[in-house]
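Enquirer: Give me a 3D structure for the following:
(chains A and B)
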Amino acid sequence: MLKIENLEVAYGNIKAIKGISLEVNEGEIVTLIGSNGAGKSTTLRAISGLLKPRGGTITFLGERIDGAEGHDVVKKGITHSPEGRRIFPRMTVDENLDLGAFLRNDKDAIAADKERVLELFPRLRERINQKSGTMSGGEQQMLAVARALMGQPKLLILDEPSMGLAPVLVDLIFETIVKINQQGTTILLVEQNALAALSVAHRGYVLESGIIKMSGNAKDLQSDPEVTKAYLGG
Amino acid sequence: MANTSYKARQARRIVIERTFGVSILALLLFWLVINFIKSPSQFAEVSLIGLSNGILYALIALGYTLVYGIIELINFAHGDLFMLGGLFSAHFIALWFHQTKSSPMGWLVFFLALISVMVFCAGVNVFIERFAYRRLRRAPKLAPLITAVGVSFMIQFVGLRWNGSGQKTWNSVLPSGSLMLGSVKLPYTTLISFAVTIPILMALTFIVTKTRQGKAMRATAQDQDASRLMGINVNRTIAFTFALGGALAGVAGLLFQQTRGLTSYNLGYQLGLIAFTSAVLGGIGNLAGAVLGAILIGLIQGLNDGLPIGLGQQWSQTVVFSILILLMVFKPAGLLGKQVTEKV
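Expert: Numbers count the residues shown, from 1 in each chain, chains lettered A, B, ... in the order given. Next up is the predicted model:
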């Protein structure tokens, strides 16, 4: 579904991504793990068209999307719940969700999707008319994921969905990720919480200083001694 | 201990500031009441003049506030765009269509000029955004600001070539008489200014609050990258905002040229600064605030210039900018400015 080959991204003269290749197949949850500054978010931003790659290709459903504008990437069916949530703080929950469906015109289907995401996150229904900037961090994170789902994505990109959340909420978020995947959405998940990410993902890639250091089935990575030592605190 | 004394000092400071602010307001009210008692009809008349100035400032102030709201740029060239709109209107009506007096044909041309000047100024503003500001979008804030000052000079020199260095006077195609309401004179030109401006302000409100494009504008104003991730074409949205602001400046240019009957290359500097002050007074970035601030400044200016007991016209600018300074001291965010208390 998504195929990245020899991707290079640089900020000025500093290369953040030094030629990585990865693949996401339809129906999968693929996770990209690695420490701070490894280049995880940069990779995602390049996929979404927020950053222009210096080299390499990104192909989505057989079409090249590297260098495309952000809004065109959304049109192709990739939505992205960014790091730090980036909800629209001065708008209500409802308005945020509507913006997630900005490119769609099918009113009935939008209403049905809104119902669906409010089923997934009942907390958002309670706060539907609240200004989203006044909600707690966990609620804002739920909104960021829900908003990305409103775009009816073929591929959902989640950047650090568990960051800064209480352990109970982390579990809830990961349960929801599995649920979304079971409902038919392919997911590319970036996490610092490698243990949790590998426990829900099918496959994983380990990113270190801009290169892919390891890849494989999530189960295998989970038991790999090197991964365990570096990321799983064991 | 240190903490309580700090709190006490803080409380005392607030009391002093409040007293000072309230006494200024009381003085202002006293001045208004005295003038009203002295001559009610003159009071009403100068209020109307102030109000008609105010809506003109509002049209310009909205352009400042729209652009600031979306890309946090104080577009210093905006006042000059208004000047260009006035020049365009004068040439359109008097030289290209040869209308120099009030007649049905003149009114038709006025209406055509209204549409043309909106398109013209919107186009110029979009052009400026595309070539001067867009490339600087990720640059430090000072770079586009200086560019805006440069663009302001460029437009002024275009005006200088087009209009000449002096002030030019023009005949208006609007009827020149007045409607008498008791002993109060209401000039037709003021009525027409209202009749043109109010529907335009309503249309603007509709565009910003109800349409898809307006939704994209509000989202882009809050977070550009997040807007891109929603599928919003950020560049087009910003260009659209410049087009809106430009069209409003064009309307202001036409109204000014037709109601005051003059053009000059440096009008943009004078009126632009007052309009910008209005936008800040109302809380820059806030559309209703810009209109409120502009009407207040128009009124204050009108009252100060025309009332029997007042500082008179030569103090007009001093009064306006003193108000700005006082407001910045007591309410830095402006009258309707948004409180920045966002939880991250």
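Enquirer: how many neighbours does whatever residue of the stretch 1-150 of chain B ends up closest to chain A have?
Expert: Nearest to chain A, among the residues of the stretch 1-150 of chain B, is B:G69, at 11.3 Å (Cβ to the nearest Cβ). Placement of C-beta: from N, CA and C, glycine included. Neighbour count of B:G69, defined by other Cβ atoms under 10 Å in any protein chain shown: 24.
Enquirer: Would you verify that A:P153 is located in a helix?
Expert: No: per DSSP: H, G, I helix; E, B strand; the rest coil, A:P153 lies outside any helix segment and is coil.
Enquirer: Quick check, it in contact with A:T79.
Expert: Yes: contact criterion Cβ atoms under 8 Å: A:P153 and A:T79 qualify, at 4.0 Å.
Enquirer: So which of those two has more stuff around it?
Expert: Per other Cβ under 10 Å, whichever of A:P153 and A:T79 has more neighbours is A:T79, with 26 against 21.
Enquirer: Listing partners with orientation, what would you give for the helix or strand hosting that one?
Expert: In the assignment (DSSP states H and E), A:T79 maps to strand A:78-81. Strand A:78-81 has its sheet partners listed here by DSSP bridges as strand A:155-159 (parallel).
Enquirer: what is the mean pLDDT for the partner strand?
Expert: Averaging pLDDT along strand A:155-159 yields 96.
Enquirer: Now for B:L59, how many residues are close by?
Expert: Counted with other Cβ under 10 Å, B:L59 comes out at 31.
Enquirer: distance of the nearest residue to it once chain neighbours are set aside from B:L267?
Expert: Spatially, and ignoring its direct neighbours in sequence, B:L59 is nearest to B:A252 (3.8 Å; Cβ to Cβ, 6 or more residues apart in numbering or on different chains). As for B:A252, its distance to B:L267 is 10 Å (criterion: Cβ to Cβ, to the nearest Å).
Enquirer: now swap in B:A216 and tell me
Expert: Taking Cβ to Cβ as the measure, B:A216 falls 33 Å from B:L267.
Enquirer: beta partners of the residue nearest to the spatial centre of chain A?
Expert: Geometric centre of chain A, nearest residue: A:L158, 1.5 Å, by Cα atoms, centre = their mean. Beta-bridge pairing for A:L158 (DSSP bridges): A:S81, A:L189.
Enquirer: Quick check, it in contact with A:L149.
Expert: No: A:L158 lies out of contact with A:L149 (Cβ under 8 Å); the separation is 10.3 Å.
Enquirer: Just the pLDDT for A:D113.
Expert: In this model, A:D113 is scored at 94, pLDDT.
Enquirer: Would you confirm that it contacts A:M150?
Expert: Yes: taking Cβ under 8 Å as the definition, A:D113 is a contact partner of A:M150 at 5.8 Å.
Enquirer: circling back to that earlier point, which helix or strand contains the residue of the stretch 1-150 of chain B closest to chain A?
Expert: helix B:40-71.
Enquirer: what separates the longest helix anywhere in chain B from the chain centre, distance-wise?
Expert: The longest helix of chain B (DSSP state H) is helix B:2-38. Remark: helix B:2-38 is offset 29 Å from the chain centroid, using Cα atoms, centre = their mean, to the nearest Å.
Enquirer: in the lengthiest helix in chain A, what's buried?
Expert: Identified as the longest helix of chain A according to DSSP H is helix A:167-182. Buried residues in helix A:167-182, counted by 16 or more other Cβ atoms under 10 Å in any protein chain shown: A:169-170, A:172-174, A:176-177, A:180-181.
Enquirer: which one of those is nearest A:G133?
Expert: For the buried residues of helix A:167-182, the residue nearest A:G133 by Cβ to Cβ is A:L169; the value is 18.5 Å.
Enquirer: Chain neighbours aside, what residue packs nearest to that closest one?
Expert: Spatial nearest neighbour of A:L169, excluding adjacent residues (Cβ to Cβ, 6+ apart): A:G138 at 4.2 Å.
Enquirer: ok and the helix or strand the one you found falls within relative to helix A:167-182, angle-wise?
Expert: For A:G138, the element it lies in under DSSP H and E is helix A:137-149. Helix A:137-149 and helix A:167-182 are oriented at 10 degrees to each other (axes from the mean of the first three to the mean of the last three Cα atoms, to 10 degrees).
Enquirer: tell me which residues of helix A:137-149 are tucked away?
Expert: The neighbour-count check on helix A:137-149 (16+ other Cβ under 10 Å) flags A:138-149 as buried.
Enquirer: can I get those residues in TSV with pLDDT and distance to A:L165?
Expert: Conversion of the buried residues of helix A:137-149 to TSV gives the following (pLDDT from 0 to 100; distance: Cβ to Cβ, whole Å):
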residue	pLDDT	distance to A:L165
A:G138	90	5
A:E139	93	10
A:Q140	94	10
A:Q141	93	6
A:M142	93	10
A:L143	95	13
A:A144	95	12
A:V145	94	12
A:A146	95	15
A:R147	96	17
A:A148	95	17
A:L149	94	18
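Enquirer: will you turn those into CSV that also has distance to A:P225?
Expert: Formatted as CSV, these follow (distance: Cβ to Cβ, whole Å):
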residue, distance to A:P225
A:G138, 34
A:E139, 38
A:Q140, 37
A:Q141, 32
A:M142, 35
A:L143, 39
A:A144, 35
A:V145, 33
A:A146, 38
A:R147, 39
A:A148, 35
A:L149, 37
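Enquirer: right, and the residue nearest to A:L169 touches A:A166 too?
Expert: Yes: using Cβ under 8 Å, A:G138 makes contact with A:A166 at a distance of 6.6 Å.
Enquirer: any shared contact partners between the two?
Expert: Shared contacts of A:G138 and A:A166 (Cβ atoms under 8 Å, 6 or more residues apart in numbering or on different chains): none.
Enquirer: list the helices and strands the strand or helix carrying A:D94 packs on?
Expert: Applying DSSP H and E as the criterion places A:D94 in helix A:93-100. If contacts are counted by 3 or more Cβ pairs under 8 Å, 6 or more residues apart in numbering or on different chains; DSSP states H and E, helix A:93-100 sits against helix A:107-120, helix A:137-149, helix B:212-222.
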